[in-house]
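*Asks:* Coordinates for the following, if possible.
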Amino acid sequence: MPDCCAFCRAELPDIPEAIDAGWIPSYWDAQKDVEVYRPVCGQCLSRGEVIFNDQMGDYERIPVNDPTLVLASGVPV
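*Replies:* Below you'll find the predicted structure:
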């Protein structure tokens, strides 16, 4: 079975094409406190399924509707 996006299940293209299309290989799941070794496609990244955390230097999925979390823009998650 080919790898697919962790969220939308889009099929992972070959590696150079995936990189060009903005895929990432893994992300941190803050709610489960675990690294998830599943790729995420560029479209899901653009929808905010996973965001880049400047402090961690990595991509992270954060719990939705957590009043203690705020994006860098100041907008609550």
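*Asks:* Bridged to Asp29, which residues?
*Replies:* Val34, Arg61 (DSSP bridges).
*Asks:* What is the end-to-end distance of stretch 29-43?
*Replies:* 18 Å (CA to CA, to the nearest Å).
*Asks:* Tell me which residues of that stretch come out buried.
*Replies:* Residues of stretch 29-43 classed as buried by neighbour count (16 or more other CB atoms under 10 Å): Asp29, Pro39, Val40, Cys41, Gly42. Every C-beta, even on glycine, is put in place using the N, C-alpha and C of the backbone.
*Asks:* tell me the pLDDT at the most centrally placed residue in the chain?
*Replies:* The structure's the chain has its C-alpha centroid closest to Val50; by CA atoms, centre = their mean the separation is 3.0 Å. Listed pLDDT for Val50 reads 91.
*Asks:* Same check on the one 3 residues further on?
*Replies:* At Asn53, the model reports a pLDDT of 89.
*Asks:* Repeat that for the one 10 residues further on.
*Replies:* You'll see Pro63 listed with a pLDDT of 68.
*Asks:* Repeat that for Ala18.
*Replies:* 92.
*Asks:* Spatially nearest residue to it, not counting backbone neighbours?
*Replies:* Leu12 (5.8 Å; CB to CB, 6 or more residues apart in numbering).
*Asks:* now do Arg38
*Replies:* Per CB to CB, 6+ apart, closest to Arg38 is Ala6, 3.7 Å.
*Asks:* How much space separates the one you found from Val36?
*Replies:* Ala6 sits at a distance of 7 Å from Val36 (criterion: CB to CB, to the nearest Å).
*Asks:* Overlap of the contact sets of the two?
*Replies:* Common neighbours of Ala6 and Val36 are listed as Tyr27 (criterion: CB atoms under 8 Å, 6 or more residues apart in numbering).
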